[in-house]
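[1] dropping a prediction and its sequence here:
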Amino acid sequence: MAKTSAKTSAITTIRPRRAAPVFVCKKCLKRVDDGPALKRELKSELKRRSAAQGVKRPRVIMTGCMDICPKRAVVAASGATLARGEYLLLADGDGAVEAAALLTQPGLNQSAPITSPNSSQASPLKRSSRMASTGK
């Protein structure tokens, strides 16, 4: 009699208990003047937003170069922004509130204007979409 065994798949899909991670370029973070302050502001804002929603905060993961290399800004991305084909360029910690909102909202409209809610000046946060024609 032949022995039959039920094979299980080598791939298992799970759902994490926390929000999707946020990726920050550590090379950019070292180059800007207030890198540690910017990281601290972003982490605290993500923590505050997550506590208000009743979920665990997303982890902030330091990555290698994302090959965008802006001057005087830090590249940040999350699963939500990458799904939209966007990277965020954070100039300083003042944009942490807006950045946390963009990094955690999966259904955000790409054509939404980027303005600071407290002032009429331009926001220190910029959106960047990678162009397929750059060859990188």
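    Structure's in. What do you need?

[2] mind listing what residue 96 touches?
    Going by CB atoms under 8 Å, 6 or more residues apart in numbering, residue 96 touches 38, 41, 42, 44, 45, 90. All C-beta spots, glycine's among them, are computed from the backbone N, C-alpha and C.

[3] any idea which helix or strand carries the closest residue to residue 78 other than its chain neighbours?
    Excluding the flanking residues, the one nearest residue 78 by CB to CB, 6 or more residues apart in numbering is residue 103, at 4.2 Å. When elements are assigned from DSSP states H and E, residue 103 belongs to helix 96-104.

[4] in that helix, what counts as buried?
    Buried residues in helix 96-104, defined by neighbour count with 16 or more other CB atoms under 10 Å: 96, 97, 98, 99, 100, 102, 103, 104.

[5] and the last one, how far from residue 12?
    Computed with CB to CB, to the nearest Å, the distance linking residue 104 and residue 12 is 26 Å.

[6] before we move on, what about residue 64?
    28 Å.

[7] residue 43: neighbouring residues, count only.
    Applying other CB atoms under 10 Å, we find 18 residues neighbouring residue 43.

[8] same check on the one 10 residues further on?
    By the criterion of other CB under 10 Å, residue 53 has 11 neighbours.

[9] for it, grab phi and psi.
    The phi and psi torsions at residue 53 (degrees, to the nearest 10) take the values phi -90, psi -10.

[10] so how far is the helix holding residue 103 from its chain's centroid?
    8 Å (CA atoms, centre = their mean, to the nearest Å).

[11] now that helix - C-alpha only, CSV.
    Taking C-alpha atoms only, helix 96-104 is exported to CSV below (Å, rounded to 0.1, in the frame of the first residue of the first chain):
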residue,chain,number,x,y,z
ALA,A,96,6.2,65.0,9.8
VAL,A,97,2.5,65.4,10.4
GLU,A,98,1.7,65.6,6.7
ALA,A,99,4.3,62.8,5.9
ALA,A,100,2.7,60.5,8.4
ALA,A,101,-0.7,61.0,6.9
LEU,A,102,0.6,60.3,3.4
LEU,A,103,2.6,57.3,4.5
THR,A,104,-0.3,55.6,6.2
